[in-house]
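[1] Structure for the following, please:
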Amino acid sequence: MCSLQPQTQSFLTLSMANSYPSFLTYPSSIRIYKLKFRTLSCIQEFSPNALRRKSNPQWRGGFSLGVDLGLSRSGLALSKGFSVRPLTVLELRGQKLELQLLEMADKEEADEFIIGLPKSWDGKETPQSNKVRSIAGRLAVRAAERGWRVYLQDEHGTSTDATYRMTNLGLGKSARRKSSDAYAAVILLERYFATSGKDIEIVLPKQMDLQEKLRRVKAKVCFSISNGCAWCN
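    Modelled structure (predicted):
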């Protein structure tokens, strides 16, 4: 089991990157834990739905809510099974946005949030990245109370790809403007599933009781899979 110690903020992040343990210091004083995920049991850790679906293609549980956070507008997309569709665009900020995200997840029976992390073309984080991390951190605490997980996924290029997607679908200029954020969230979710969650980071509350709750929820789901979980064997 990972040893995750309390940090200066109310949350920390755990990368699913394929590397051995190391620590990276970010301007916001968040510590990023990079672990070789394949060596960890899903009973002990926090495997995303994309990995679970890869280990068992017959599994249809675990709905995912994609979130493209913006300064004034946030796009949402939903994945149920192998289907990804745009959901809505929220024109909210702060606590109202976070509460609405939780309400949407409950309504759609999602158990994880995939939040876009702004990065530049060379993979470096932008000034907006820390703002997104802060929102994701606050959301992660409330989500964990419900047994849900919050992940960060590189969102570079999703807006451009969303524009191409909407144009190819024949959406007019007005429709594209209204739906662009939701389609960016669609691209984000498609990228997440295409890579089986390889490059995501999980955002964890620092409270150990909430971390343990997430472990118990994932262990219960893991044992419910009829063919067993490849990550537990």
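
[2] neighbours of the nearest residue to Leu78 once chain neighbours are set aside, just the number please.
    Nearest non-adjacent residue to Leu78, counting by C-beta to C-beta, 6 or more residues apart in numbering: Leu87, 4.8 Å away. (Each C-beta comes from the backbone N, C-alpha and C, glycine too.) Residues contacting Leu87 under the criterion other C-beta atoms under 10 Å number 21.

[3] My read is that Leu87 contacts Ala182, right?
    Yes - between Leu87 and Ala182 there is a contact under C-beta atoms under 8 Å: 6.2 Å.

[4] where do the contact lists of these two overlap?
    Shared contacts of Leu87 and Ala182, defined by C-beta atoms under 8 Å, 6 or more residues apart in numbering, comprise 76-77.

[5] rewinding a little: the residue nearest to Leu78: which element?
    Leu87 is located in strand 83-90, with elements delineated by DSSP states H and E.

[6] partners of that strand in the sheet?
    strand 74-80 (antiparallel) (DSSP bridges).

[7] list the buried ones in the partner strand?
    Buried residues in strand 74-80, counted by 16 or more other C-beta atoms under 10 Å: 74-79.

[8] what does stretch 92-104 give?
    Buried residues in stretch 92-104 (16+ other C-beta under 10 Å): 97-98, 101-102, 104.

[9] Just the ones of these in helices?
    97-98, 101-102, 104 (DSSP state H).

[10] Dump those to a markdown table, plus pLDDT and distance to Phe46.
    Conversion of those to a markdown table gives the following (pLDDT from 0 to 100; distance: C-beta to C-beta, whole Å):
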| residue | pLDDT | distance to Phe46 |
| --- | --- | --- |
| Leu97 | 96 | 24 |
| Glu98 | 96 | 20 |
| Leu101 | 97 | 19 |
| Leu102 | 97 | 18 |
| Met104 | 96 | 21 |
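
[11] where exactly do the helices run in this structure?
    Counting by DSSP H, the helices of the chain are 49-55, 94-108, 127-145, 158-168, 173-194, 208-224.

[12] and of those helices, who's closest to Phe63?
    Judged by C-beta to C-beta, the one of the helices of the chain that comes nearest to Phe63 is helix 94-108, at 6.1 Å.

[13] how far off strand 83-90 does that closest one point, in degrees?
    Counting by axes from the mean of the first three to the mean of the last three C-alpha atoms, to 10 degrees, helix 94-108 lies at 150 degrees to strand 83-90.

[14] List the contacts of Ser64.
    By C-beta under 8 Å, 6+ apart, the contact list for Ser64 reads 49-50, 78-79, 110-114, 189, 192.

[15] Can you lay out these as CSV showing distance to Arg133 and pLDDT?
    Converted to CSV, those look like this (distance: C-beta to C-beta, whole Å; pLDDT from 0 to 100):
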residue, distance to Arg133, pLDDT
Asn49, 21, 89
Ala50, 21, 88
Leu78, 23, 97
Ser79, 23, 94
Ala110, 21, 95
Asp111, 21, 94
Glu112, 17, 96
Phe113, 13, 97
Ile114, 14, 97
Leu189, 19, 95
Tyr192, 17, 94
